[in-house]
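In: Here you go, sequence then predicted model.
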Amino acid sequence: MNANEKIPGIDPPVVFNPYKHHLGFLKTRIEKWRQQEWADIEKELLNIGNNLIDLYCGELTVDEISRQCLTFAENNHITSPEELASWLKPMKFRKTELSDKSSWVIKQGMDTCRFLHIHPGKYSPFTLRVRGTTLKTVVALKVFKIQGKGSGEILGIVNKIRIKNLGLSPVKTLEKGKGIDRLWNIFNSP
């Protein structure tokens, strides 16, 4: 991901996309995005994609995650793309556990300078599985400082933002404790 070069704390050889894998990073970005034009925000939101993803919601920062994965690689003598490929064989990925007991997937990155691709493990502690479209919807709601006022009223606002700003189809309902509602509550917690 080219955006890694612009994100402090993600040094080569690590590849990590905090746009789709780190709640704390997104909360910080939302504050910055509130000062920007939507067209610029929209470009950055492309980093999230639309697929099912794992979002880390724990206390470790992007920098701490990157450093701990890098230390793990160094301790296991994984200092080149070739060494990583050898370490991974015969699998396509392996996992490591970080200091907070969260599980992280390590796989081969596409770039020779950034070959250590990491992301949260599926169903790992402090990790939530969400759709990319759901994540983009909640981020947009937060950027526009939308306040929840009841599911009927908020549903109209959600769909207006999904259609107009995100190019997504509308949702029929906002089920309490699921999807957009669940993620909205997570973004609103301290």
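Out: Done, it's in.
In: mind listing what's buried in stretch 52-68?
Out: Judged by neighbour count (16 or more other CB atoms under 10 Å), stretch 52-68 contains these buried residues: 53-58, 60, 62, 65-68. C-betas here are computed from N, CA, C, even on glycine.
In: same thing with stretch 102-119?
Out: Neighbour counts using 16+ other CB under 10 Å place 102-107, 109, 114-119 of stretch 102-119 among the buried residues.
In: Filter the buried residues of stretch 52-68 down to the ones in strands?
Out: 53-56 (DSSP state E).
In: For the helix or strand harbouring V105, which helices and strands make contact with it?
Out: Per DSSP states H and E: V105 is located in strand 103-108. Where contact means 3 or more CB pairs under 8 Å, 6 or more residues apart in numbering; DSSP states H and E, strand 103-108 is packed against helix 62-75, helix 81-88, strand 93-97, strand 116-120.
In: In its sheet, which strands sit next to that strand, and in what direction?
Out: Strand 103-108 sits in its sheet next to strand 93-97 (antiparallel), strand 116-120 (antiparallel), going by DSSP bridges.
In: Just checking, which helix or strand of this structure averages the lowest pLDDT?
Out: Of all the helices and strands that make up the chain, helix 151-164 has the lowest average by mean pLDDT, DSSP states H and E, namely a mean of 87.
In: May I see the domains of this structure written out as residue ranges?
Out: What automatic domain parsing lists as the domains of the chain is 2-42+57-127, 133-188.
In: Which among those domains is found nearest to I48?
Out: Ranking these by their distance to I48 (criterion: CB to CB) puts domain 2-42+57-127 first, at 4.6 Å.
In: before we move on, the earlier item: is it possible to export the buried residues of stretch 52-68 to CSV including pLDDT?
Out: Shown next, in CSV, are these (pLDDT from 0 to 100):
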residue, pLDDT
I53, 97
D54, 97
L55, 98
Y56, 98
C57, 97
G58, 97
L60, 98
V62, 97
I65, 97
S66, 96
R67, 96
Q68, 97
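In: Farthest pair within those residues?
Out: For the buried residues of stretch 52-68, the farthest-apart pair by CB to CB is I53 and R67; their separation is 22.4 Å.
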